[in-house]
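[1] Sequence first, predicted coordinates after that:
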Amino acid sequence: MRPSRTDASGIAAERGRVPPSRRTVLAALGTLAVTAGDAAAQPAPPSTVTSPPRDFRPGAPPTTYFTDPDIVTVDPAFEPYIVSNSAIRRLWTGALWAEGPAWNAVGRYLVWSDIPNNRQMRWLEEDGHVSTFRMPSNNSNGNSFDRQGRQLTCEHATGRVVRYELDGSATVLADSFEGKPLNSPNDVVQHPDGAYWFSDPPYGALLYEGLPDAAGGPSNPHGHLDPRLGQPAGTGPRRRVLPNAVYRIDPSGRVDRVLTDDEVPDPNGLCFSPDHRTLYVCSTGKGPGDTGPGGKGEIYAFDVGTGAALSNKRLFSDCVVDGVKCGPDGLRADVDGNLWVSSNAGRAVGYNGVTVWTPRGKLIGRIRLPEVCGNLTFGGPKRNRLFMAASQSLYAVTVNTQGAGPA
């Protein structure tokens, strides 16, 4: 049979059938003319929400729009931070869940975690080369570099915070509190006094991102999961016994609990203000086996005192934008004290990426990505390039500010 064809009215006209009436054709043409007129009157630049979607692939043609249509000014205060001829670029893709980007200023490379693939990746600023940096990584999550240039890593599978020394050795900074094993350290930052602060939620007990608990534990209550599968010989089962918390590792090595799960449910991303007088903590969703209230996707701020002292808890932001929850995970401050926060809006296309807030908690800008963004950091030779670890990919864009301190 000969295939049917479609005329201007959108009505299939096969040989032998009665042709459409003149009135039908004119009505259809009129509809097309109105639609075309509306499109001409309201042109839409390519973005994550247009159809067809913008092509973010590394080899795709660059955007010819200035500024990038996916860098959104919510408040005029954001405009000075935009480099008008800088476009968002996808540098690499191929992860299962990208997290914990950190910039090494001496080596001029970015390291980040691919948690389910049990590896750390490295991107070289020199030529954009990407390679496996460390494998296995013990399902590492958050990374950062301290003021001495040493890499700090939070490990899910082992429940510990590790520092990689300049001579190539590794030091375990924390793996327990009061004799009980940590859950799965998530994010780590350094204070100028030499202390390291880290969050310890339970996400590493997810089968996808680490090791489930031993039989009967919170993430494996029925004992159906075997945590030994895929692990090196001798890997012992672990069971969560500590509540979620934020800790401080004193330069002496002492570990203090500075925030409890009651104060900030499911603590995740951490960040100090440029003057280190404020600590910001992301409270994310419920982790495996949580029996408490769980986080609501909010950011809290605390005044930082001497040592481990925190006070004046306050809600910095509920991270709701246009009625959409843009769940926070990782965050970094720029030199003016603005917070650049990763956004997980799920299937709300156009709200995944980055939200930007003033020190007073006012939303001023957004960066739209085609994937959920888990974490971010400032890097590049001038520390003015924002690197975004988003689901399967690594993105970057140059901005007109610098990150506050090493990351």
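    Perfect, I can see it now.

[2] so where is the stretch 301-407 of the chain shaky, pLDDT-wise?
    407 (pLDDT under 70).

[3] what do you get for the chain?
    In the chain, residues with pLDDT under 70: 1-46, 291, 407.

[4] ok, now with 90
    1-67, 231-238, 285-295, 349, 405-407 (pLDDT under 90).

[5] Quickly note the distance from Asp262 to Pro218.
    17 Å (C-beta to C-beta, to the nearest Å). C-beta here means a position set from N, CA and C on the backbone, and glycine is covered the same way.

[6] and those two? which has more neighbours close in?
    Applying other C-beta atoms under 10 Å to Asp262 and Pro218 shows that Pro218 carries more neighbours, namely 18 against 11.

[7] Can you report phi and psi for that one?
    phi -60, psi -40 (degrees, to the nearest 10).

[8] give me every residue that touches it.
    By C-beta atoms under 8 Å, 6 or more residues apart in numbering, Pro218 lies in contact with Pro202, Ala205, Arg240, Pro288, Gly289, Asp290, Thr291.

[9] What of Trp112?
    98-102, 120-121, 123, 143, 375, 387, 389, 394.

[10] Bridged to it, which residues?
    Per DSSP bridges, residues listed as beta-bridge partners of Trp112: Met121.

[11] State the distance from the closest residue to Tyr196 other than its chain neighbours to Val372.
    Excluding its sequence neighbours, the residue lying closest to Tyr196 (C-beta to C-beta, 6 or more residues apart in numbering) is Ile249, at 4.3 Å. The gap separating Ile249 from Val372 is 30 Å, by C-beta to C-beta.

[12] rewinding a little: in strands, which of the contacts of Trp112 fall?
    Counting by DSSP state E, these place 98-102, 120-121, 123, 143, 375, 387, 389, 394 in strands.

[13] Turn the residues you listed into CSV, columns for neighbour count and distance to Val321.
    Converted to CSV, those look like this (neighbours: other C-beta atoms under 10 Å; distance: C-beta to C-beta, whole Å):
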residue, neighbour count, distance to Val321
Ala98, 28, 22
Glu99, 27, 22
Gly100, 27, 24
Pro101, 29, 23
Ala102, 25, 27
Gln120, 23, 32
Met121, 24, 30
Trp123, 23, 29
Asn143, 30, 28
Asn375, 28, 19
Phe387, 24, 22
Ala389, 29, 20
Leu394, 24, 24
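
[14] Put together TSV for those residues, with distance to Lys313 on each row.
    Below are the ones in strands among the contacts of Trp112 laid out as TSV (distance: C-beta to C-beta, whole Å):
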residue	distance to Lys313
Ala98	31
Glu99	26
Gly100	26
Pro101	28
Ala102	28
Gln120	34
Met121	36
Trp123	37
Asn143	27
Asn375	23
Phe387	30
Ala389	28
Leu394	34
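
[15] isn't the residue nearest to Tyr196 right next to Ala195, touching?
    Yes: here Ile249 reaches Ala195: they are 6.0 Å apart, a contact under C-beta atoms under 8 Å.

[16] Comparing those two, which shows the higher neighbour count?
    Ile249 (23 against 19).

[17] Could you list which residues are in contact with the more buried one?
    Taking C-beta under 8 Å, 6+ apart as the test, what Ile249 contacts is Val161, Leu173, Ala174, Ala195, Tyr196, Trp197, Phe198, Val255.

[18] what's the burial count for the first one?
    Right, Val161. 25.

[19] Look at it and tell me its secondary structure.
    Secondary structure, DSSP: H, G, I helix; E, B strand; the rest coil: Val161 is strand.

[20] likewise the second one?
    Secondary structure for Leu173, judged by three-state DSSP, is strand.

[21] ok, so what distance separates Ser113 from Pro328?
    Following C-beta to C-beta, the distance that separates Ser113 from Pro328 is 18 Å.

[22] So for the two, which residue has more residues nearby?
    Ser113 (33 against 29).

[23] ok, the more buried one - contacts?
    98-100, 119-121, 137, 140-143, 153, 389.

[24] now, among those, which is nearest to Val83?
    Ala389 (20.8 Å; C-beta to C-beta).

[25] what's the closest non-adjacent residue to Thr235?
    Spatially, and ignoring its direct neighbours in sequence, Thr235 is nearest to Arg228 (6.0 Å; C-beta to C-beta, 6+ apart).

[26] Which of the helices or strands spans Glu126?
    Assigned by DSSP states H and E, Glu126 belongs to no helix or strand.

[27] which residues touch it?
    Glu126 sits in contact with Arg108, where contact means C-beta under 8 Å, 6+ apart.

[28] With Asp336 as the reference, measure out to Ala390.
    24 Å.

[29] Revised request: answer the last question for Thr73.
    Thr73 is 16 Å from Asp336, by C-beta to C-beta.

[30] From the structure, what's the count of residues near the closest residue in space to Thr132 that isn't next to it in sequence?
    Excluding its sequence neighbours, the residue lying closest to Thr132 (C-beta to C-beta, 6+ apart) is Arg119, at 5.4 Å. When neighbours are counted by other C-beta under 10 Å, Arg119 registers 19.

[31] And Gly361, by the same measure?
    So Gly361, with other C-beta under 10 Å, has 14 neighbours.
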